[in-house]
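S.K.: with the input below, show me the fold.
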Amino acid sequence: MKRYSVFQLKEGMKLSKDVNSKSGATLVPKGVILSKKTIKFLINWGIKSVLIEEEEEQITRGRGHSQAKFKKEYFETTEKVISFMEGLKGSKAIELDEVKEIAQELVTYSDDINSVKLLTEVKDKDYYTYQHSINVGIYASLLGRWLGYCTNDIKNLSLAGLLHDIGKTQIPDEVLLKPESLTDKEFEIIKNHPIYGYELLKPCEDLSPEINIAVLQHHERENGSGYPFGITGEKIHSYSKIISVVDIFDAITSNRVYKGRNSPFEAIREVRDKSFQDLNPEIAYTFFKRISEFFVGSTVIFNDGSIGKIVFLNKNDPTRPLVQIEDKFVDLSKHKNREIIDVMVF
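M.R.: Alright, predicted model coming up:
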């Protein structure tokens with residue numbers, strides 16, 4: 001192992017020892033492969049130097065290239081989505097072959113858990129509308145895989161997730177991008193976007209009808225409280241139910257024009273709470289249980305400013321895991337006042 005100044009660190013390097021705060025809390029555990037976000041995190045916490053595994057340079061460079069490759073490909077995908085969605089504002093017909101190609105890229109991303117974990121690092125507030133569509137496509141195909149869906153369904157879910165909000169291209173920017181709360185009239189305009197999306201897709205003869213239905217129904221809810229038609233349970237397509245779940249999760253964990261992001265655990269809690277009335281219980285449970293597992297071992301920041309590490313998930317409530325804070329283990333299910341406000345995914 002060799003000690004490096006934090007300003008000498010590069011993506012792809014591997015920590016050989018835990019990095020601790022002055023109070024003894026583990027900021028970044030050993031074995032973590034450094035990313036730009038991790039390096040910035042260490043600098044922000046005033047860490048001067050860290051111990052790094054001595055490895056062949058091509059190994060370190062290869063890891064760094066892998067992270068950089070995903071980010072490059074993700075932003076190239078973002079540019080493609082911007083192009084076709086902005087084209088729809090000018091009444092340009094949907095280039096279905098291009099959209100299907102993008103959807104296949106999203107399936108590929110969902111095959112790689114490390115890529116899925118990097119989603120929290122590549123989100124950009126300025127591109128929220130477009131990247132939200134990408135992320136919903138990725139999460140939808142991932143959830144479809146967790147539910148045991150076949151390959152064709154997983155491809156359809158990716159495409160439906162990518163297209164779920166295309167109706168918003170028909171909403172005036174002054175409403176869609178308004179930073180303040182919407183008026184009742186403006187919200188009624190927003191509520192039309194599933195219908196607009198369905199109408200945009202109707203001329204696409206080569207598109208599976210289930211995808212059109214998923215776009216139309218993705219804001220419908222099990223108890224009839226959704227829109228645009230207020231239909232219930234069995235009348236809602238399973239694709240729509242899947243997209244409803246991942247749509248909520250990605251929106252809450254993203255910076256939006258009108259609201260900052262919340263921690264993944266806040267989003268997981270929202271999905272869990274809505275599973276009793278709004279969302280399909282089996283689909284919601286599968287998602288929040290499996291996505292919670294991503295964060296075991298992660299460094300978390302609490303609402304009192306302290307830092308800890310997730311050690312073990314609480315089977316009855318994944319949003320309240322067992323955490324280690326300095327040299328103590330704390331069961332968050334018994335400490336309701338302590339909330340996770342941010343997560344560092346390594």
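
S.K.: got the domain ranges for this protein?
M.R.: Domains of the chain are assigned by automatic domain parsing as 2-55, 68-261, 296-344.

S.K.: secondary structure element holding residue 308?
M.R.: For residue 308, the host element (DSSP states H and E) is strand 307-312.

S.K.: what is the subsequent helix or strand relative to that strand?
M.R.: Following strand 307-312 toward the C-terminus (DSSP H and E): strand 322-325.

S.K.: and that following strand, how far from the chain's centre?
M.R.: Put simply, strand 322-325 sits 24 Å off its chain's centre (Cα atoms, centre = their mean, to the nearest Å).

S.K.: contacting residues around that strand?
M.R.: Residues outside strand 322-325 that contact it (Cβ atoms under 8 Å, 6 or more residues apart in numbering) are 25-26, 300, 302, 306-314, 329-332. Where you see a C-beta, it was placed from the backbone N, CA and C, and this is true even at glycine.

S.K.: show me how to select, in PyMOL, the buried members of the residues you listed.
M.R.: In PyMOL, a selection of the buried entries from those looks like this (16 or more other Cβ atoms under 10 Å):
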select buried, resi 25+26+300+302+306+307+308+309+310+313+330+332
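
S.K.: where do the strands of the chain begin and end?
M.R.: Here the chain has its strands, by DSSP state E, at 2-5, 19-20, 26-28, 49-52, 299-302, 307-312, 322-325, 328-331, 340-344.

S.K.: just send those strands back as JSON lines, with distance to residue 188 too.
M.R.: Listed next are the strands of the chain as JSON lines, based on distance: least, Cβ to Cβ, whole Å:
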{"stretch": "strand 2-5", "distance to residue 188": "56"}
{"stretch": "strand 19-20", "distance to residue 188": "51"}
{"stretch": "strand 26-28", "distance to residue 188": "47"}
{"stretch": "strand 49-52", "distance to residue 188": "54"}
{"stretch": "strand 299-302", "distance to residue 188": "38"}
{"stretch": "strand 307-312", "distance to residue 188": "41"}
{"stretch": "strand 322-325", "distance to residue 188": "43"}
{"stretch": "strand 328-331", "distance to residue 188": "45"}
{"stretch": "strand 340-344", "distance to residue 188": "33"}
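
S.K.: would you turn those strands into a markdown table with mean pLDDT?
M.R.: A markdown table is the format used below for the strands of the chain (pLDDT from 0 to 100):
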| stretch | mean pLDDT |
| --- | --- |
| strand 2-5 | 92 |
| strand 19-20 | 88 |
| strand 26-28 | 83 |
| strand 49-52 | 92 |
| strand 299-302 | 89 |
| strand 307-312 | 90 |
| strand 322-325 | 92 |
| strand 328-331 | 93 |
| strand 340-344 | 86 |
